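Chemist: only geometry, no sequence info:
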């Protein structure tokens, strides 16, 4: 490989903060709100021009239920976001789940809440390297239209989803299953001008159940091959209108505030080693658009209700379920999920299942009284090992491959974000590294704010 050496390049330090959050996505936006509300001088750096990450730029809606009675929120900020979405008419509650939302309006609500917290936002900016001094990160090198500059901070929160700061800092990480293969990626899209009633009548006529018991219109492939639309999909695959990849996964949701729209959790585009690779993501963005055109043409021509429908949005980012995972003070384990393990420093509670797309779902859970059938994620899984002032939140936390699949969804990610902002306050106040922060204090502070822990 050929290299270019940069000599004598002066990088200006443009600002210094208490906390810098890298990535303003599902975890990062909440981390910035949480840190700002602790009166810390906070900056969130975001590659796109909006907050929300997978939720907004990736069109991942709705939030999944945590499979606990009443869907209790481990993060008060999470519940507040949902309430504000409902109040403005672009959110909805169903079965106790307030997390049905329009991704476009969520961009506005998250931005408002971050600004209200006193935190700063820097859009259209990427972290390109890390300046380390032994066990501390001193600064980040960032790039935007101003060129390459540096930002200093007392502590950093990696909410990039892909553990970018961990990688740039030269710290170890894991990725993929036992063979190093990451979960499948997807590229989501939305369609408008759909006759929802006609589509619903069609699904009921071929045997789809559950339309009336769940106000949010929702249908999903069942993995046993008995999904009512399988016959039509397979027929059109044989005719060459669809291809085999289109049969992998098909799922749609309605969008609050948009009665003639549906949001599609497909096409699913497969996985490989290192799905965060730039060339791979580029290829999947191109391949995904081709699949979307193929699917929408099929829907227009052969599925009742879609005759005059059209594509209204294609996700700006590929949906990644799992890529890099950090080495933390505590690696969250599959057995913690299956055994419903509780922790003194637990910062979230959930019973969301182990969820690996295309993988085995025949797991043996420990029998528990329903009131105890949930697991907790410890604060220590957010604390990056061998570095003093770095936390992570989101899908890249310290967890094994299977355990990560249950905490990668939006409710846990928001709870992690809230916890990191609180931990930053404790660390800075006491001038201690994150590993010495008492996670029980983080949990207590979350409960004071209104978390249902």
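Modeler: Looks like it came in fine. Keep in mind that this is a model prediction, so the values were computed, not measured.

Chemist: C-alpha from now on. contacts and neighbour counts both.
Modeler: Noted.

Chemist: So in this structure, where's the weakest helix or strand by average pLDDT?
Modeler: Least confident helix or strand of the chain, by mean pLDDT, DSSP states H and E, is strand 218-220 with a mean of 54.

Chemist: Name the next helix or strand downstream of it, please.
Modeler: helix 230-238 (DSSP states H and E).

Chemist: Going by neighbour count, list what's buried in that next one.
Modeler: Neighbour counts over helix 230-238 (16 or more other CA atoms under 10 Å) mark 233, 234, 237 as buried.

Chemist: Verify the contact between the first one and residue 248 for me.
Modeler: No: with contact defined as CA atoms under 8 Å, residue 233 and residue 248 do not form a contacting pair (10.4 Å).

Chemist: could the buried residues of helix 230-238 go into TSV alongside distance to residue 429?
Modeler: Listed next are the buried residues of helix 230-238 as TSV, based on distance: CA to CA, whole Å:
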residue	distance to residue 429
233	59
234	61
237	61
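
Chemist: elements contacting the lengthiest helix in the chain?
Modeler: Counting residues, the longest helix found in the chain (DSSP state H) is helix 278-302. Other helices and strands packing on helix 278-302, by 3 or more CA pairs under 8 Å, 6 or more residues apart in numbering; DSSP states H and E, are strand 310-314.

Chemist: how much does the longest helix of the chain deviate in direction from strand 310-314?
Modeler: Taking axes from the mean of the first three to the mean of the last three CA atoms, to 10 degrees, one finds helix 278-302 and strand 310-314 inclined to each other by 160 degrees.

Chemist: buried sites along helix 278-302?
Modeler: For helix 278-302, burial by neighbour count (16+ other CA under 10 Å) applies to 281, 284-285, 288-289, 291-292, 295-300.

Chemist: Next: stretch 331-351.
Modeler: For stretch 331-351, burial by neighbour count (16+ other CA under 10 Å) applies to 331-334, 336-343, 345-351.

Chemist: what mean pLDDT would you report for that stretch?
Modeler: The average pLDDT within stretch 331-351 is 97.

Chemist: again with stretch 287-298
Modeler: For stretch 287-298, mean pLDDT is 97.

Chemist: Stretch 242-257 now?
Modeler: The model assigns stretch 242-257 a mean pLDDT of 88.

Chemist: Can you mark which positions in it are buried?
Modeler: For stretch 242-257, burial by neighbour count (16+ other CA under 10 Å) applies to 242, 243, 246, 248, 249, 250, 252, 253, 254, 255, 256, 257.

Chemist: That stretch: end-to-end distance?
Modeler: 31 Å (CA to CA, to the nearest Å).

Chemist: could we number from 50 for the rest of this?
Modeler: Shifting the count to begin at 50 puts that one at stretch 291-306.

Chemist: Let me see the residues that make contact with it.
Modeler: 110-111, 138-141, 149-151, 265-270, 279, 282-283, 285-286, 310-318, 340, 343-344, 347 (CA atoms under 8 Å, 6 or more residues apart in numbering).

Chemist: From the residues you listed, list just the buried residues.
Modeler: The neighbour count (16+ other CA under 10 Å) marks 110-111, 139-141, 149-151, 265-268, 270, 282-283, 286, 310-318, 340, 344, 347 as buried among these.

Chemist: which residues of the chain score low on pLDDT?
Modeler: Across the chain, the ranges flagged by pLDDT under 70 are 258-275, 407, 409.

Chemist: Run through the neighbouring helices and strands of the longest strand anywhere in it.
Modeler: Ranked by residue count under DSSP state E, the longest strand found in the chain is strand 196-207. Strand 196-207 sits against strand 62-71, strand 185-193, helix 213-217, strand 439-441, helix 459-479, with contacts defined as 3+ CA pairs under 8 Å, 6+ apart.

Chemist: re earlier: tabulate the buried residues of helix 327-351 in JSON lines, adding columns for distance to residue 466.
Modeler: Shown next, in JSON lines, are the buried residues of helix 327-351 (distance: CA to CA, whole Å):
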{"residue": "330", "distance to residue 466": "25"}
{"residue": "333", "distance to residue 466": "28"}
{"residue": "334", "distance to residue 466": "28"}
{"residue": "337", "distance to residue 466": "30"}
{"residue": "338", "distance to residue 466": "31"}
{"residue": "340", "distance to residue 466": "34"}
{"residue": "341", "distance to residue 466": "32"}
{"residue": "344", "distance to residue 466": "36"}
{"residue": "345", "distance to residue 466": "36"}
{"residue": "346", "distance to residue 466": "40"}
{"residue": "347", "distance to residue 466": "40"}
{"residue": "348", "distance to residue 466": "38"}
{"residue": "349", "distance to residue 466": "41"}
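
Chemist: Out of the residues you listed, flag the one nearest to residue 211.
Modeler: Closest approach between the buried residues of helix 327-351 and residue 211, by CA to CA: residue 330, at 12.7 Å.

Chemist: quick one: contacts for the nearest residue to residue 325 once chain neighbours are set aside?
Modeler: If the residues on either side of it in the chain are set aside, residue 325 comes closest to residue 372, at 6.3 Å by CA to CA, 6 or more residues apart in numbering. For residue 372, the contact set (CA under 8 Å, 6+ apart) comprises 210, 211, 224, 225, 231, 232, 323, 324, 325, 445.

Chemist: Among those, name the ones in strands.
Modeler: Among the contacts of residue 372, the members found in strands (DSSP E) are residue 224.

Chemist: how about TSV for the contacts of residue 372, with distance to residue 129 added?
Modeler: Below are the contacts of residue 372 laid out as TSV (distance: CA to CA, whole Å):
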residue	distance to residue 129
210	23
211	27
224	33
225	34
231	33
232	31
323	35
324	33
325	32
445	24
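
Chemist: Closest one of the contacts of residue 372 to residue 376?
Modeler: residue 445 (9.5 Å).

Chemist: give me the number of residues near that closest one?
Modeler: Residues near residue 445, counting by other CA atoms under 10 Å, number 30.

Chemist: what about it, distance to residue 66?
Modeler: From residue 445 across to residue 66, the span is 24 Å (CA to CA).

Chemist: Let's verify residue 303: helix, strand, or coil?
Modeler: Put simply, residue 303 is strand when judged by DSSP: H, G, I helix; E, B strand; the rest coil.

Chemist: Of the buried residues of helix 279-287, which is the nearest to residue 497?
Modeler: Of the buried residues of helix 279-287, the one sitting nearest to residue 497 (CA to CA) turns out to be residue 282, at 50.9 Å.
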